[in-house]
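# Predicted model follows, preceded by the sequence.
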Amino acid sequence: MLGKEISALIKKDIQLEMKQRYAINSILLYVVSTIFIAYMAYQGQIETKSWNALFWIIMLFSAINALSKSFVQESPARHIYYYSMSSPQAVIVSKTIYNSILMMIISLLTFGIYQLFLGNIIKDYSLFFGALVLGSLGFATILTLVAAIASRSQNNFALMSILSFPLILPLLLSLMKASNLALEQASNGIAGMKILAALFFLNVIVITLSYILFPYLWRN
Amino acid sequence: MVNSQNLKFLASRTELPINAQMIYRFFIRELAAVYYMKRNWWKYLGIAFLLYAIIYGFMVRIPDTPIGESLRNVFYHVGMWFAMMGVLTSSFINSIKFLKTGDLVYDLKAEQAVRVSFLFGFLGLITGMIWAQFTWGEPWANDPHLNGAVVTIIVYAGYMILRSAITDDEKRGRVAAVLNIFAFVMMLMLLGLLPRLAENTLHPGSGGNEGGNPAFGDMDAAMRYVFYPALAGWIMLGLWITNIRIRIKKLEKHIEDKDWN
């Protein structure tokens, strides 16, 4: 029952997106312009720390742009209609899964365009892509819950940015550490595993928390 | 109070049954004193611990380290952070209770606790910066503990901003409680998990030290006798300040309700 609700809601979100392509296009434009500006600034000669920092800054801002619209896309009346028919757990899980898919696509696109302009200096591919996947999942889960919280207040977008930056920081710090390691050495045994495990752990905790807490947010 | 006069009075009335009501009336002052102590013993204990920490903090023998006498700051600086965590834990518990019962009193308690946590957070940062200036040569250094502490304060500032952005009481309480629970868990991870993951931080006890707890570092046995009571004292002080603020707000609300009705 729950699975059917979740898949129906995800299908609805994907169909909405396919029809208008609003989110994907705006994010793509944003990503390409920022990477292009970075490329113009560095003129092709970039060192590892700057590569790292710029990549994650661009990822962070595209994530916030993409996910701040999660809960405000439909008109209020339709919102009430949809969500009176499904359980709150189904809503939050479907939103999280949909946002994770979106983030995964955005992060792969970002990485592709980034390394096109600014070069590919990764040495440890498995650590980097592990961090990328877990990181985009992390962005999706944390920002979905923050968007849910911010959507219940008056000025949504301002609150979304204020709330999301400090809460995203543990995730971002771990990601930068992991990718720094991946850019410097070709194989990082224990240290890399520790960070990936921490990222996985963080994702699990945030998903559990949003599953438990969302019904209280959604009540009326 | 029972004295010879009352005894005579009692004796002269012995045909009346001595019931609980009479006993209560005679002992009411003692009963009130016992009740008061039962509720407030921890406040006096907290003050005792703090006095002990302040006096013995400067008298206890400390090991010979490069930072010298400033090692004594560990009784006060670390205490600030423990007080902040204690107060935030009480805020967390009250948020859970509010979500479970819907009683707005818990929401009030959670909010006041967050306000008090700002006090201890800023004091912790200031004592840390003074100490850092002496030991590391600069008031701010790139250290996960410091960054984690500042981000914690920013998260709870976001909590206060969220509260100011919603007008309906019950909705505000619910949404704020959800953010409080989420923020608390994330902060546990920021302050607890990340500094242990990081290698070579400036704070003692982390990095190369396997069993080290980043808060405690290397402390002598004699220092621990002052350290643990000091921590308990600071936590109790934080909770007392929160308690007073809650009672003031409750009274203000009571007066406001009476004015309207």
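Good, I have the coordinates. Residues are numbered from 1 along each chain as shown, chains lettered A, B, ... in the order given.

# May I have the residues that are in contact with residue A:54?
Shown in contact with residue A:54 (CB atoms under 8 Å, 6 or more residues apart in numbering or on different chains): A:38, A:46, A:118. For glycine as for every other residue, the C-beta is placed from the backbone atoms N, C-alpha and C.

# and the second one, what element?
Translated: residue A:46. Per DSSP states H and E: residue A:46 is located in neither a helix nor a strand.

# Now the phi/psi pair for it, please.
Note on residue A:46: its backbone torsions stand at phi -130, psi 140 [degrees, to the nearest 10].

# Which residues belonging to the lengthiest helix in chain B are considered buried?
Counting by DSSP state H, the longest helix found in chain B is helix B:221-260. Within helix B:221-260, the residues scored as buried using 16 or more other CB atoms under 10 Å in any protein chain shown are B:223, B:226-227, B:229-243, B:245-246, B:249.

# Chain B contacts on chain A?
Counting by CB under 8 Å from any CB of the partner chain, the positions of chain A adjacent to chain B are A:145, A:149-150, A:152-155, A:159, A:162-163, A:165-167, A:169-170, A:173-174, A:177, A:191, A:194-195, A:198, A:202, A:205-206, A:209-210, A:213, A:216-217, A:219-220.

# Just the ones of these in helices?
A:145, A:149-150, A:159, A:162-163, A:165-167, A:169-170, A:173-174, A:177, A:191, A:194-195, A:198, A:202, A:205-206, A:209-210, A:213, A:216-217.

# What subset of these is buried?
A:145, A:149-150, A:159, A:162-163, A:165-167, A:169-170, A:173-174, A:177, A:194-195, A:198, A:202, A:205-206, A:209-210, A:213, A:216-217.

# What segments of the stretch 51-200 of chain B are helices?
Here the stretch 51-200 of chain B has its helices, by DSSP state H, counting those that start in this stretch, at B:74-101, B:104-135, B:144-164, B:169-188, B:194-197.

# of all the ones you listed, which lies closest to residue A:126?
Ranking the helices of the stretch 51-200 of chain B by proximity to residue A:126 (CB to CB) places helix B:194-197 first, at 19.1 Å.

# mind listing what the closest residue to residue B:154 other than its chain neighbours touches?
Closest residue in space to residue B:154, ignoring its immediate chain neighbours: residue A:166 at 4.3 Å, by CB to CB, 6 or more residues apart in numbering or on different chains. Residue A:166 makes contact with B:151, B:154-155, B:158 under the criterion CB under 8 Å, 6+ apart.

# Let me have the helices of the stretch 51-200 of chain B in JSON lines, extended by distance to residue B:21, mean pLDDT and mean neighbour count.
Formatted as JSON lines, the helices of the stretch 51-200 of chain B follow (distance: least, CB to CB, whole Å; pLDDT from 0 to 100; neighbours: other CB atoms under 10 Å in any protein chain shown):
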{"stretch": "helix B:74-101", "distance to residue B:21": "34", "mean pLDDT": "93", "mean neighbour count": "21"}
{"stretch": "helix B:104-135", "distance to residue B:21": "32", "mean pLDDT": "92", "mean neighbour count": "19"}
{"stretch": "helix B:144-164", "distance to residue B:21": "47", "mean pLDDT": "89", "mean neighbour count": "19"}
{"stretch": "helix B:169-188", "distance to residue B:21": "42", "mean pLDDT": "91", "mean neighbour count": "22"}
{"stretch": "helix B:194-197", "distance to residue B:21": "60", "mean pLDDT": "69", "mean neighbour count": "19"}
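
# Turn these into JSON lines, including distance to residue A:24.
Listed next are the helices of the stretch 51-200 of chain B as JSON lines, based on distance: least, CB to CB, whole Å:
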{"stretch": "helix B:74-101", "distance to residue A:24": "36"}
{"stretch": "helix B:104-135", "distance to residue A:24": "39"}
{"stretch": "helix B:144-164", "distance to residue A:24": "29"}
{"stretch": "helix B:169-188", "distance to residue A:24": "28"}
{"stretch": "helix B:194-197", "distance to residue A:24": "33"}
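
# confidence score at residue A:74?
Note for residue A:74: predicted pLDDT of 63.

# Show me what stretch A:170-181 is in contact with.
A:48-49, A:52-53, A:55-56, A:60, A:124, A:127-128, A:130-131, A:135, A:138-139, A:142, A:188, A:191-192, A:195-196, A:198-199, A:202, B:144, B:147, B:151, B:186, B:189-190, B:193-194, B:197-198.

# whoops, I mixed them up, stretch B:226-243
B:42-43, B:45-50, B:52-53, B:56-57, B:60, B:74-76, B:78-80, B:82-84, B:86-87, B:90, B:109, B:112-113, B:116-117, B:119-120, B:216, B:219.

# Name the nearest residue to residue B:70, ignoring sequence neighbours.
That would be residue B:134: by CB to CB, 6+ apart, it lies 5.3 Å from residue B:70.

# Was I right to think the one you found contacts residue B:67?
Yes - here residue B:134 reaches residue B:67: they are 7.2 Å apart, a contact under CB atoms under 8 Å.

# Mind listing the shared neighbours of those two?
Between them, residue B:134 and residue B:67 share no contacting residue, judged by CB under 8 Å, 6+ apart.

# Just the endpoints, please. Distance across stretch A:41-57?
By CA to CA, to the nearest Å, the extent of stretch A:41-57 from end to end equals 15 Å.

# in it, what counts as buried?
Going by 16+ other CB under 10 Å, stretch A:41-57 has these buried residues: A:42, A:46, A:51-52, A:54-56.

# what would those residues look like in JSON lines with pLDDT and secondary structure?
Output for the buried residues of stretch A:41-57, formatted as JSON lines (pLDDT from 0 to 100; DSSP: H, G, I helix; E, B strand; the rest coil):
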{"residue": "A:42", "pLDDT": "85", "secondary structure": "helix"}
{"residue": "A:46", "pLDDT": "82", "secondary structure": "coil"}
{"residue": "A:51", "pLDDT": "88", "secondary structure": "helix"}
{"residue": "A:52", "pLDDT": "89", "secondary structure": "helix"}
{"residue": "A:54", "pLDDT": "89", "secondary structure": "helix"}
{"residue": "A:55", "pLDDT": "91", "secondary structure": "helix"}
{"residue": "A:56", "pLDDT": "92", "secondary structure": "helix"}
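
# Which residues of chain B lie near chain A?
So chain B meets chain A at B:99, B:144, B:147, B:151, B:154-155, B:158, B:161-162, B:165-167, B:171, B:174-175, B:177-179, B:181-183, B:185-186, B:189-190, B:193-194, B:197-199 (CB under 8 Å from any CB).

# Let's see that with 6 Å instead.
Residues of chain B lying near chain A by CB under 6 Å from any CB of the partner chain: B:99, B:151, B:154-155, B:158, B:161, B:165-166, B:174-175, B:178-179, B:182, B:186, B:189-190, B:194, B:197.

# how far away is residue A:13 from chain B?
Applying CB to the nearest CB, to the nearest Å, the value for residue A:13 to chain B is 22 Å.
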